[in-house]
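> please find the sequence and the predicted model below.
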Amino acid sequence: LINTCMIASESVQHQQHRRRRSQVPQLPPRAMALKILVLAAAMLLAVLCRLFPVARFEATIHEFDPWFNYRATEYLVEHGAEAFMVWFDDRSWYPLGRPVGATVYPGLMFTSAAVYQALQALGISVSVRDVCVFTGPAFSVLTTLTTYALTRELWNDRAGLLAAGFIAIVPGYTSRSVAGAYDNEAIAIFAMLLTFYFWIRAVKTGRLIFGIGAALAYFYMAAAWGGYVFPINVIALHALAILVTGQSDRRLWVAYTTFYAVSLPLLVQIPFIGSQPLRSLEHIGPLGVFGLVQLRAILGIVSNLAPAVRHTVLAVGVPAAVAAGAGALYALVQGGYVAPLTGRLYSLWNTEYARESMPIIASVAEHQPTPWGTFFRDFHLLTGFFAPGLWIVVHSLAGRADRLFIVLYALTAVYFAAVMVRLVLLLAPIVVICSAISCSHLLSAYVAAVKAEESAATIAAASESQHATPSTPQTGHLEPPRPVDEAKMARNQVVLLVAVALVLFGVHSVWVTAAMHSSPSYIFANRVNGSRVIRDDYREAYSWLRQNTHPDARVMAWWDYGYQLAGMANRTTIVDNNTWNNTHIALVGLAFASTEERAIEIIRPLGVDYVLVTFGGVAGVGGDDIAKLMWMVRIAAGEFPDDVFESDFVTTSGNIAVGGNATAKLRDSLMYKLSYYRFWEAHADGHAEAGYDPIRHDRVTAPFTLSRFEEAFTSSSWLVRIYRVLPTPAAPAA
């Protein structure tokens, strides 16, 4: 296949490509220097605006998932790649454990480990943690350059420079790439845009090298992030659109055939992916497009045959091939060889599915549908430039098969970003590109018109001065005022408004990054009586666990805190953020929703030594475990429908009450008792009334005791509470 591609394309199209390149005008030195300066400024801004977490707090890992990534990177650096790929983590999901090498996308860890070892080889002393902390800002520089190159390839140089500046600071991307946000997306967005760049180059030139480049970049993205399904389907959709619109030629065949044929064997080398590209429904589309591209190439050959042979092939062979392909797909699906869509992917098409059938998915905040306010927060005034930019692209599609990609990427990304908050990240690059096209088009048109008028006025004034007759000015004679050029004034105002809009976008983006994306998830700041209070309770609690419990102690907490417990406290956890086993998570949820006696029966077989809960009733911090209790109940009810009922925990109005109106099931639940134990004596910050919970706006006054648990530690602001599981009393002697 590779040899055929080489013979088909390199002989003619490479010569044409070189001839076209020789005809491209070169930029003057001053313009080139200005372009380099703008790109350098964009890259510098990309780094600086992502350093707010370090400047405001310290160089530390943020959020939840990054703690596992950091822990895995440390293991990789210490034990090597071979040991990492067979690593069985017995300190998570106790007593089941987790085969990490087969259940993780290792691209992020291998990248950081390679950077760390390269710096060590150069004699630069740096810790693994520092490399992990600054991975996001470093890759934002590469993303800025790649965005410029992709936009330049799709449109022009001016739009590319604007896109580079936008992607450097747009909150929709900075949220996943600030210092400390050591998550897969930090490098995956760069790899995705690099894949798209090579793909567009391959479609435009038909050169084999760009098809291979797209496949390699896509392999890197697939090794780093589970969102790898998106780019290959967008590329397949683009290839299909080129076929349908009749713009296909040998370049498309070389580009898609090379991309798919090279990327497929690479993907199956990733253990977590395995045979999914051949056996999962989300990969069937690209495979089908691959078949259509080959069929189109065959038809091109058939068109040169004798009329009788051509008629037979078209009338019999093509329908038979299509029918055989459809029949084979149907048989594979019915036979179970092709797996259906996973729950997360299916919930993107049926938005009610997760809430009704998989509450573990619906319970995650970033899996919810995206509210309009989020779009404005993440893109600000770019939301106004996006649609006009897309409209400009639509009107320029004639003869430009490559620009079909912009339209298809935009439409698919808008849909997925609307149904899931987390996927706004996929929308950010195309919003940036379309907004850059819109601003570039607007500024180019108006600035060019203003410059043309100024040039014409200068020439006219020079001509008048040359033909003017010298005369003696008369005393008291005033020159009549010149008429106001309203059109020129309007054009200047448009340019000024666009410039002001871009400045406002920059200010907003930097503010959002500093105020909303720069605080670690375990450090909270709120105001009490007008003063700002920093609450570092999580690290206080994790430090207590590390220093005061046995190294093999097992801690049960809701799955949100599993990665942090393993990474910061270095203790064995029962469940964590991987959420691969819904039954195990449901068992923990059932324990929290049960009485003390029933909870002990559940957690004894799990070997639990300590139970950790989060509580914001004193500090006035929301999102604690009481707020999550109803999701625990729903998840538990999905696996144990006869043991727990959601209606038992809510009032007749459908709400949770924690005071005098609390239901009996709620007051008797383990989560309620561990959260509100001794709270009737406490005073919430800024409230003189004992037992008042400002989050739930209710008061807890009825005291109670614990029989199977004892309080081991409560953090300074009560945000984290840890309880020791008491040993089972010995049975009385007969």
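Nice, I can see it.

> all strands of the stretch 101-250 of the chain, in order?
Ranges of strands in the stretch 101-250 of the chain, per DSSP state E, counting those that start in this stretch: none exist.

> show me where pLDDT drops low in it?
Of all residues in the stretch 101-250 of the chain, none has pLDDT under 70.

> ok, now which ones touch the residue nearest in space to the middle of the chain?
Among the residues of the chain, the one closest to the centroid is Leu425, at 4.2 Å (CA atoms, centre = their mean). If you count contacts by CB atoms under 8 Å, 6 or more residues apart in numbering, Leu425 has them with Gly172, Tyr173, Ser175, Arg176, Glu185, Ile189. Placement of C-beta: from N, CA and C, glycine included.

> swap in 7 Å and give it another go.
Neighbouring residues of Leu425 by CB atoms under 7 Å, 6 or more residues apart in numbering: Gly172, Tyr173, Arg176, Glu185, Ile189.

> can I get the residues you listed in a markdown table including distance to Tyr260?
What follows is the contacts of Leu425, written out as a markdown table (distance: CB to CB, whole Å):
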| residue | distance to Tyr260 |
| --- | --- |
| Gly172 | 30 |
| Tyr173 | 28 |
| Arg176 | 28 |
| Glu185 | 25 |
| Ile189 | 22 |
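
> so which of the residues you listed comes closest to Asn69?
Glu185 (11.0 Å; CB to CB).

> quick one: that closest one and Trp225 touch, right?
Yes: counting by CB atoms under 7 Å, Glu185 touches Trp225, with 6.1 Å between them.

> quick one on the thing from earlier: tell me the secondary structure at the residue nearest to the centre of the chain.
helix (DSSP: H, G, I helix; E, B strand; the rest coil).

> per-residue pLDDT of it, please?
pLDDT for Leu425: 94.

> coming back round to it: quick check: the farthest pair among the contacts of Leu425?
Checking the contacts of Leu425 with CB to CB, the most distant pair is Gly172 and Glu185, at 11.1 Å.

> and of the contacts of Leu425, the nearest to Ala525?
For the contacts of Leu425, the nearest to Ala525 is Arg176 (21.4 Å; CB to CB).

> if we ignore the residues flanking it in sequence, what's nearest the closest one?
Excluding its sequence neighbours, the residue lying closest to Arg176 (CB to CB, 6 or more residues apart in numbering) is Glu185, at 4.2 Å.

> give me the number of residues near Gly80?
Close neighbours of Gly80, defined as other CB atoms under 10 Å, add up to 11.

> do you know how far it is from Trp87?
10 Å (CB to CB, to the nearest Å).

> for Gly335, same thing?
35 Å.

> what is the one helix or strand Phe259 maps to packed up against?
Per DSSP states H and E, Phe259 falls inside helix 250-267. Helix 250-267 sits against helix 2-5, helix 185-205, helix 208-222, helix 229-244, helix 284-302, with contacts defined as 3 or more CB pairs under 7 Å, 6 or more residues apart in numbering; DSSP states H and E.

> and the ones you listed as JSON lines, adding mean neighbour count and distance to Ala490?
Formatted as JSON lines, the helices and strands packed on helix 250-267 follow (neighbours: other CB atoms under 10 Å; distance: least, CB to CB, whole Å):
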{"stretch": "helix 2-5", "mean neighbour count": "13", "distance to Ala490": "54"}
{"stretch": "helix 185-205", "mean neighbour count": "25", "distance to Ala490": "37"}
{"stretch": "helix 208-222", "mean neighbour count": "23", "distance to Ala490": "44"}
{"stretch": "helix 229-244", "mean neighbour count": "21", "distance to Ala490": "39"}
{"stretch": "helix 284-302", "mean neighbour count": "16", "distance to Ala490": "48"}
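
> now those helices in TSV, with distance to Ala398?
Shown next, in TSV, are those (distance: least, CB to CB, whole Å):
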stretch	distance to Ala398
helix 2-5	28
helix 185-205	16
helix 208-222	24
helix 229-244	14
helix 284-302	21
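
> quick one: closest of those helices to Trp718.
Per CB to CB, nearest to Trp718 of those: helix 185-205, 33.3 Å.

> please save the CA atoms from that closest one in CSV.
Extracted in CSV, the C-alpha atoms of helix 185-205 (Å, rounded to 0.1, in the frame of the first residue of the first chain):
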residue,chain,number,x,y,z
GLU,A,185,-5.6,17.1,28.4
ALA,A,186,-2.5,19.2,29.1
ILE,A,187,-0.7,17.4,26.3
ALA,A,188,-3.6,15.9,24.4
ILE,A,189,-4.9,19.1,22.9
PHE,A,190,-1.5,19.9,21.5
ALA,A,191,-1.3,16.4,20.0
MET,A,192,-4.8,16.7,18.6
LEU,A,193,-4.1,20.0,16.9
LEU,A,194,-0.8,18.6,15.5
THR,A,195,-2.8,15.7,14.1
PHE,A,196,-5.2,18.1,12.4
TYR,A,197,-2.3,20.2,11.0
PHE,A,198,-0.6,17.2,9.4
TRP,A,199,-4.0,16.0,8.1
ILE,A,200,-4.8,19.3,6.4
ARG,A,201,-1.3,19.3,4.9
ALA,A,202,-1.8,15.8,3.6
VAL,A,203,-5.2,16.6,2.0
LYS,A,204,-3.7,19.7,0.3
THR,A,205,-0.5,18.2,-0.9
